[in-house]
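# Here is a sequence with its predicted model. Questions after.
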Amino acid sequence: MRLVAGTHGQAFFGLADQALISFGNLAIGMALIRLSSKEDYGLYIIGFGLLNLVTSINSALFTVPMTVMAHNQKTQADQRSYCMALLRSQVIFGATICLLIATAIYKSTDFSFSKSIDYPFAIALTIAIPGILLQDFFRRYHYLEFKAYRAFAVDALALTATLLILAFAAITDKGDMHVWAIIGTGLAGALSGSAALAWSGIHREPIHYGTRKAFLECWTQGRWALTGATINWTQGQSYAFFLSWLGGLAGLAEANAARLLLAPLGLLTTGLSSAMMPRLAKLRSEGRLQEMETQSLYFLFSMAFVTIGYSATAWTWRDTLTTAMLGEKYTNASLFILAWASVSLLTSVRISISILMQASVEFKRITFANFWSTLTVLSITGAYIHFYGILGSIYALAAGELIMTLFLWRAFEYAKTSRSMHHSKINQNSMN
C-alpha cells in the first residue's frame, strides 16, 4: 500500500511539475512568436534542440544510470555519497563541453562562414549549459529520493526567474529576444540548481565514493545509454535541421508553432516517466518484475487516453486556439495539429516501453532499437519534405516513433524470454 501511495504522490507532483514546465515553455514560445521574427524563433528552436542534445548526453552518462543504480547502494548515506560523486563528474563534463564550444566559437572567426553565425546567440548557448545541467541533475535526484515536491519547487523557482529575465528584456526593449530566452533559461537553472544543492545537503555527506569510481560504474550502462540518447536525439531533431535546410527557418517556426499547441502532452509524458522510472527500478531491484510490468502498462494506457482526449479537444477548437495563442502570423499552424497529435501518441507509447527497459537495465537493446529507427527517419525525411512540405517532416517523425516502438517492444519481449530461460536454467541446476 505504501508503494501505491508513493506512486500516486510521485505521479501527482510529477504531473504538477510538468504542467509547470509546460506552461513555462508555452509562455516563452508565445513571447518569442509575438516579439521575434519567424527566423529568430526558428533559430531559437535549433539552439534549444542543441541544448537538449547536451542534456540528453548528460542524462545518459550520469542521471539515468544514477536513477537505476543508486538503489544498489546499501545505505542511504552511501546512496547520497554516490550521487554527489556523480554530480562532481557532471560538473567536469559540463565545464569541458563549455570550453570546447568556446574554443570553436573563437576559432570560427578565421573562416568565411563566420558571417552567417549569430555570435551573441552562440555565446548565450554556451553560458546556459552549466545552469541547465545543474537544474536537470537535481530534478532527477529529487525523483530518485521520492521527493517529487522538491523537483516541483526547483522548477518553479527556475521558471519564475526565467520569466522575470524575459520580462525585463522586453520592457527595456533589449531586442534579440531569442538570445535573452536562452540566457534567462541558463541563469535560472543555475539559481534553482544551487538552491536545490543547498536543500539536498548531499555536499555535506562524508565522501564514500570517489568521482572516478562512481563514473566508471555508471559507464558500464551509460555508454549504451549515451549512444541511444544521441541516436534518439538525432531522430527527434532531424525534422528541425532538414526543415530549416530545405524550407528555411521560417518554415521551421511555422511547424513548431503548431507543436507548441500540443506541447503539454510531450512534457506530461516526460514528467510522469521521470516519476515512474525510479519506482520501476526499485521494483526491479526487489525482484517484483510482474508488478513492474503492470505499472508500466497502466502508465501506457493512461498516457494514451490523455493524449487522444487532449488532441481531439485541440483539433475541435483549432482555429480559436491558433488565433488566440499564436496570433495572425501563424494562421496556417492549425493544419499541422493532427500530424503532431499522431507523433505525441506514438511518443507516449514508445516512452512507456523505454522506461520499462531502462529500469530493467537493458540499455544495449534500447540503443540498437533506436539505431534502426533513426536510420529509417534519416533516409525518408528529406523525401517526405520534398513531396509533402512541412507536413512531410512531421510524418517522418511519426514514422520513426512507430518503428522505434515496434523495435523496443520486440527487444523487451526477447529480454523477458532470455531472463525466463536463465532463471529456469538456474532452478534446474539447483535441483540437480
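Sure, I can see it.

# So for the helix or strand hosting L99, mean pLDDT?
In this assignment (DSSP states H and E), L99 forms part of helix 76-108. The average pLDDT for helix 76-108 rounds to 85.

# Which elements pack onto the following helix or strand past it?
Downstream of helix 76-108, the next assigned helix or strand under DSSP H and E is helix 119-144. Where contact means 3 or more C-beta pairs under 8 Å, 6 or more residues apart in numbering; DSSP states H and E, helix 119-144 is packed against helix 2-35, helix 38-58, helix 64-69, helix 76-108, helix 148-171, helix 177-200, helix 263-285. Quick note: C-beta positions are derived from backbone N, CA and C, even for glycine.

# what comes up buried for helix 119-144?
Within helix 119-144, the residues that count as buried by 16 or more other C-beta atoms under 10 Å are 121-144.

# go on, stretch 17-35?
Across stretch 17-35, burial judged by 16+ other C-beta under 10 Å covers 17-18, 20-22, 24-26, 28-33, 35.

# Looking at the residues you listed, spot the one nearest I46.
Distance to I46, by C-beta to C-beta, is smallest for L32 among the buried residues of stretch 17-35, at 12.8 Å.

# The strand or helix carrying W245: how far from the chain's middle?
According to DSSP H and E, W245 maps onto helix 211-246. Centroid displacement of helix 211-246 relative to its chain, using C-alpha atoms, centre = their mean, to the nearest Å, is 11 Å.

# what angle separates it from helix 76-108?
On the basis of axes from the mean of the first three to the mean of the last three C-alpha atoms, to 10 degrees, helix 211-246 is oriented at 40 degrees to helix 76-108.

# Any chance you could list what contacts the helix or strand following helix 211-246?
Using DSSP H and E, the next helix or strand after helix 211-246 towards the C-terminus is helix 248-261. Outside helix 248-261, the residues within contact range by C-beta atoms under 8 Å, 6 or more residues apart in numbering are 25-26, 29-30, 33, 38-39, 41-43, 45-46, 239-240, 243-244, 314, 321-322, 325-326, 330, 332-337, 339-340, 389-390, 393-394.

# Could you pick out the buried ones from the residues you listed?
Counted by 16+ other C-beta under 10 Å, these give 25-26, 29-30, 33, 38, 41-43, 45-46, 239-240, 243-244, 314, 321-322, 325-326, 330, 333-334, 336-337, 339-340, 390, 393-394 as buried.

# Where does pLDDT dip in the stretch 251-400 of the chain?
Low-confidence segments of the stretch 251-400 of the chain (pLDDT under 70): 267, 271, 274.

# and with 90 instead?
251-307, 310-400 (pLDDT under 90).

# now swap in the stretch 101-250 of the chain and tell me
101-122, 138-153, 170-176, 196-250.

# Farthest pair within the buried residues of stretch 17-35?
Every pair of those checked by C-beta to C-beta; the farthest is D17 and L35, at 26.9 Å.

# returning to what we had before: from the buried residues of stretch 17-35, which single one is nearest I355?
Checking the buried residues of stretch 17-35 against I355 with C-beta to C-beta, the nearest one is Q18 at 14.4 Å.

# State whether that closest one and L272 are indeed in contact, as I suppose.
Yes. Counting by C-beta atoms under 8 Å, Q18 does reach L272; the two are 7.0 Å apart.

# Tell me what angle the helix holding W245 forms with helix 248-261.
Using the same axes, to 10 degrees: helix 211-246 against helix 248-261 is 110 degrees.

# In terms of secondary structure, what does helix 211-246 contact?
Against helix 211-246 (3+ C-beta pairs under 8 Å, 6+ apart) you get helix 38-58, helix 64-69, helix 76-108, helix 248-261, helix 363-388, helix 390-431.

# closest to T211 out of those?
helix 76-108 (4.5 Å).

# Off-centre distance for that closest one?
On C-alpha atoms, centre = their mean, the centre of helix 76-108 falls 18 Å from that of its chain.

# just checking, next helix/strand downstream of the helix or strand where L321 lies?
L321 is located in helix 318-326, with elements delineated by DSSP H and E. In the C-terminal direction, the helix or strand that comes right after helix 318-326 (DSSP H and E) is helix 337-359.

# relative to helix 248-261, how tilted is that following helix?
70 degrees.

# Going forward, count from 25.
Sounds good: first residue 25 from here, last item helix 361-383.

# which secondary structure elements does helix 361-383 contact?
Using 3+ C-beta pairs under 8 Å, 6+ apart as the test, helix 361-383 ends up in contact with helix 88-93, helix 272-285, helix 287-309, helix 313-340, helix 387-412, helix 414-455.

# hey, which of the ones you listed is tucked in deepest?
Comparing the helices and strands packed on helix 361-383 by mean neighbour count (mean count of other C-beta atoms under 10 Å), helix 88-93 comes out on top with a mean of 25.

# For that helix, name the packing helices and strands.
helix 100-132, helix 143-168, helix 235-270, helix 287-309, helix 361-383.

# From the chain's centroid, how far away is it?
For helix 88-93, the separation from the chain centroid amounts to 15 Å (computed by C-alpha atoms, centre = their mean).
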